[in-house]
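Trainee: Attaching a predicted model along with its sequence, questions to come.
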Amino acid sequence: ILPNILHYLFPNLIEPAHIPGLGFILAILLVLLVGKLSSSFFLSRFVELIDDALERTPGIKFIYTSVKDFLEAFTGNKRKFNKPVLVNVDAADVWRVGFITHEDATEFDLADHVAVYIPLAYSITGVTYFVPRQKIKFLQNISSGEAMKFTVSGGVSDVE
């Protein structure tokens, strides 16, 4: 059947019945294409259903949305870790690499402070500090990805 369909669709093409294995290869490609299209639709719909269910489940909602927001801060449309800074929180001349997550902390009655997330080495955890603006140095020549890689690796990776 397949060679006849191909000959009908592409009459000027070489006669498909004379190419050994062409029908088999096209059938496999067709099955893979249909599988890819259907799996991406069904998989995305399935993920949406699970996401909605988790966001409506009491108790789990708090943990799930917190983790989801944290992971979306690294990727996706909600990128929050895009302003790398050096922040002074421990001692006079001791600096940590961090990322500004909120430029305004007036909700916490700290008008002259910003929220800075400081990741910890070799983990996905970190600490959020409210720091006075004068204790922050913006890193102009280092991308946020390089700063994150440097911090999470414990300072072992090179900064380009």
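Mentor: Alright, I've got the coordinates. Residues are numbered from 1 along each chain as shown.

Trainee: List the buried residues of stretch 36-51.
Mentor: Across stretch 36-51, burial judged by 16 or more other CB atoms under 10 Å covers no residue at all. Quick note: C-beta positions are derived from backbone N, CA and C, even for glycine.

Trainee: next one: it to chain centre, how far?
Mentor: 18 Å (CA atoms, centre = their mean, to the nearest Å).

Trainee: What lies in contact with that stretch?
Mentor: Defining contact as CB atoms under 8 Å, 6 or more residues apart in numbering, one finds that nothing outside stretch 36-51 touches it.

Trainee: Give me the mean pLDDT for that stretch.
Mentor: Stretch 36-51 shows a mean pLDDT of 77.

Trainee: Same question for stretch 128-136.
Mentor: For stretch 128-136, the mean confidence score works out to 90.

Trainee: and it, how far apart are its ends?
Mentor: End-to-end distance for stretch 128-136: 14 Å, by CA to CA, to the nearest Å.

Trainee: try stretch 99-115
Mentor: End-to-end for stretch 99-115, by CA to CA: 8 Å.

Trainee: Report the buried residues of it.
Mentor: Phe99, Ile100, His102, Ala105, His113, Val114, Ala115.

Trainee: Would you map the strands across the protein?
Mentor: In the chain, the strands defined using DSSP state E lie at 84-87, 96-102, 113-119, 126-132, 136-138.

Trainee: Sheet partners, orientation included, of the first one?
Mentor: Just to be clear, that refers to strand 84-87. strand 96-102 (antiparallel), strand 136-138 (antiparallel) (DSSP bridges).
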